[in-house]
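*Asks:* My questions are about this predicted structure, shown below with the sequence.
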Amino acid sequence: MVAPSAGRVTAADSRVRIDPRAAVRVVFDPYGSVLALACAAVRDRQRGLDTGPARIAARMSERGFRAIAPLVAPGASLGPDCLSPVALGTDTDVAAEVDRLRGMTAADVAHDIESTFGGAPPDRWQRLASRSWVRDVGDVLESLWTSVEPVWRRESNLRAREADRIGVAAARQSLELVLAQAHPRGRAEDSALVFPDPEAVELDATGRTVVLSPLLSKLDVSLSNLERPDIVWFAYPVLDDRPERSDAAALAALLTQVRADLLRFVARDRTMTDVRAGLSLGASVATYHVDALVAYGLVSRYRAGRSTLVRRTPRGAALIDLYGG
């Protein structure tokens, strides 16, 4: 599992090539959310920041704080695989994942750490290869979930919107754009997600299912698991509703500029004549782009007398809300 790094400077980038035709799955992962929150809390506290997560860390037990601290050690980004959800391709249950951690034996933990680090774990992980460490992690996550479960439930609409956004990106074969926007320091380059990583890897994920896990909003943390042979898993904070998080240019990147303009134009019923005139399109070109948006479920088209009318669907309206404009 790749954990968030506390380091401010990295000398290298990880580059993960995303297959444009990859199968995509969206999972809802409260366990990943509390793990990310725990990492953010300890990281910010260590940096001396006065943030919401840092104030959470101040309330952690000393044992809990020490258990999370190796995940955000400066200059490191790799953590034991056992901290990833056991089934990366499905929704998680915090209580079940915590029980799994607490049920691990010392031998289980030691084997997992050895496997994660190729038989040569750093000293900090060798010292923590015990049952008590993983139980302490479980205690932290259980306590955090008690506090943030109501927030998780309130943000269900944001996760639903994100699932729609991912669906459009998958249809446009532009998943790397979604991931680049979601990763706190990521960018898209040549069908790859690129992000700063002190333990950088270069991975061609062609043939793997891409599993995306929108976490709680307002976290500056992302998690990933790139080790599974059949799946690449990315967990990242869901986009919130603040206008400053909107990105109208990204809408054009996902849909093409013409289709982005068309989607904005059909906020109310428009005839095909209106569409052609309003966007300065020829008849066949207008039909082609409307057909594409109908196929994505972003607009509907229907007859009214002798006219064909086009209008944005609720899904199309939600996409506009995400990106603004």
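*Replies:* Good, I have the coordinates.

*Asks:* what lines up beside the one helix or strand Thr308 maps to in the sheet?
*Replies:* Assessed by DSSP states H and E, Thr308 sits inside strand 307-312. Paired strands of strand 307-312, with direction, are strand 270-271 (antiparallel), strand 299-304 (antiparallel) (DSSP bridges).

*Asks:* will you turn these into JSON lines that also has mean pLDDT?
*Replies:* As requested, the strands paired with strand 307-312 are exported to JSON lines (pLDDT from 0 to 100):
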{"stretch": "strand 270-271", "mean pLDDT": "95"}
{"stretch": "strand 299-304", "mean pLDDT": "92"}
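
*Asks:* Please work out which of the ones you listed is packed deepest.
*Replies:* Burial of the strands paired with strand 307-312 is given as mean neighbour count (mean count of other Cβ atoms under 10 Å); strand 270-271 ranks first at a mean of 18. Any C-beta I mention is one placed from the backbone N, CA and C, and that applies to glycine too.

*Asks:* buried set for the next helix or strand after that one?
*Replies:* Using DSSP H and E, the helix or strand that follows strand 270-271 towards the C-terminus is helix 272-279. Neighbour counts over helix 272-279 (16 or more other Cβ atoms under 10 Å) mark Met272, Asp274, Val275, Arg276, Leu279 as buried.

*Asks:* Would you tell me which of the strands paired with strand 307-312 gets closest to Met104?
*Replies:* Evaluated with Cβ to Cβ, the strands paired with strand 307-312 place strand 299-304 nearest to Met104, the distance being 50.7 Å.

*Asks:* Tell me which residues touch Ala22, please.
*Replies:* Ala22 sits next to Ala170, Leu175, Ala205, Thr206, Gly207, Arg208, Thr209, Val210 when contact means Cβ atoms under 8 Å, 6 or more residues apart in numbering.

*Asks:* Residues in contact with the helix or strand the last one falls within: which ones?
*Replies:* Using DSSP H and E, the element containing Val210 is strand 209-215. Contacting residues not belonging to strand 209-215 are listed as 18-19, 22-29, 32-33, 36, 88-89, 158-159, 162-163, 166, 175, 178-179, 182, 221, 223, 230-238 [Cβ under 8 Å, 6+ apart].

*Asks:* Next secondary structure after that strand?
*Replies:* Later in the chain than strand 209-215, the nearest helix or strand by DSSP H and E is strand 223-225.

*Asks:* Could you count how many residues lie near Asp291?
*Replies:* By other Cβ atoms under 10 Å, 12 other residues sit near Asp291.

*Asks:* Over to Val258?
*Replies:* Neighbours of Val258 under the rule other Cβ under 10 Å: 17.

*Asks:* List the single closest residue to it in space, sequence neighbours excluded.
*Replies:* Excluding the flanking residues, the one nearest Val258 by Cβ to Cβ, 6 or more residues apart in numbering is His289, at 5.6 Å.

*Asks:* Correct me if wrong, but that neighbour is in a helix.
*Replies:* Yes. Assigned with DSSP: H, G, I helix; E, B strand; the rest coil, His289 falls within a helix.

*Asks:* Next, the contact list for it, please.
*Replies:* If you count contacts by Cβ under 8 Å, 6+ apart, then His289 has Thr256, Val258, Arg259, Leu262, Leu281 around it.

*Asks:* quick one: the second one and Ser280 touch, right?
*Replies:* To tie it back to what came earlier, the one meant is Val258. No. Val258 is beyond contact range of Ser280, at 10.0 Å (criterion: Cβ atoms under 8 Å).

*Asks:* So how do I select the buried members of the contacts of strand 209-215 in ChimeraX?
*Replies:* Selection of buried members from these for ChimeraX, criterion 16+ other Cβ under 10 Å:
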select :18,19,22,24,25,26,27,28,29,32,33,36,88,158,159,162,166,175,178,179,182,221,223,231,232,233,234,235,236,237,238
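
*Asks:* Now do stretch 192-201: everything it contacts.
*Replies:* 2, 5, 7, 10-18, 75-78, 176, 179-180, 183, 185-188, 222, 226, 234.

*Asks:* C-terminal to the helix or strand bottoming out on mean pLDDT in the chain, what's the next element?
*Replies:* Here the helix or strand of the chain ranked lowest by mean pLDDT, DSSP states H and E is helix 248-255, holding a mean of 64. Downstream of helix 248-255, the next assigned helix or strand under DSSP H and E is helix 257-265.

*Asks:* So what's the gap between that next one and the chain middle?
*Replies:* Centroid separation for helix 257-265 versus its chain: 26 Å, with Cα atoms, centre = their mean, to the nearest Å.
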